[in-house]
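Novice: task: produce atomic coordinates for the following.
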Amino acid sequence: MEGRVQIRCAECGTTREVSGEIPIEYTECFAKIVREDGFVPRPGISPFALICGRCLKKFEGHESVDDERKIRTQDPRKQG
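Specialist: Numbers count the residues shown, from 1 in each chain. All right, here's what the predicted structure looks like:
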């Protein structure tokens, strides 16, 4: 039995089609799309949505930037 579904980036609308004989070809096709386009679950959003790797880059660094500011202002060596 062949499975077929379209994956759409929830941010930019980019689409890819996953298709193949279930389960092996279908799973391999999905894995290939994830590798090529970087599709991942969108961070912090409910309900579940997928975004492409290009859109994921917009999310990179947000936590690190926030944490850096907290670390500089709350240095445990200076507390006491």
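Novice: for the helix or strand harbouring residue 31, packing partners?
Specialist: Taking DSSP states H and E as the definition, one finds residue 31 inside helix 24-37. Helices and strands touching helix 24-37, by 3 or more CB pairs under 8 Å, 6 or more residues apart in numbering; DSSP states H and E, are strand 2-8, strand 15-21. C-beta coordinates here come from the backbone N, C-alpha and C atoms, glycine included.
Novice: show me what the helix or strand that it is followed by is packed against.
Specialist: Going down the chain from helix 24-37, the next helix or strand is strand 40-41, by DSSP H and E. Strand 40-41 is packed against strand 50-51, with contacts defined by 3+ CB pairs under 8 Å, 6+ apart.
Novice: which strands and helices sit next to the strand it packs on?
Specialist: Looks like strand 50-51 contacts strand 40-41 (3+ CB pairs under 8 Å, 6+ apart).
Novice: partners of the strand it packs on in the sheet?
Specialist: Strand 40-41 has its sheet partners listed here by DSSP bridges as strand 50-51 (antiparallel).
Novice: after the strand it pairs with comes which helix or strand?
Specialist: helix 53-56.
Novice: give the residue spans of the protein that score low on pLDDT.
Specialist: 45, 60-80 (pLDDT under 70).
Novice: find the centremost residue of this structure, please.
Specialist: Centroid check for the chain by CA atoms, centre = their mean gives residue 40 as the closest residue, at 2.8 Å.
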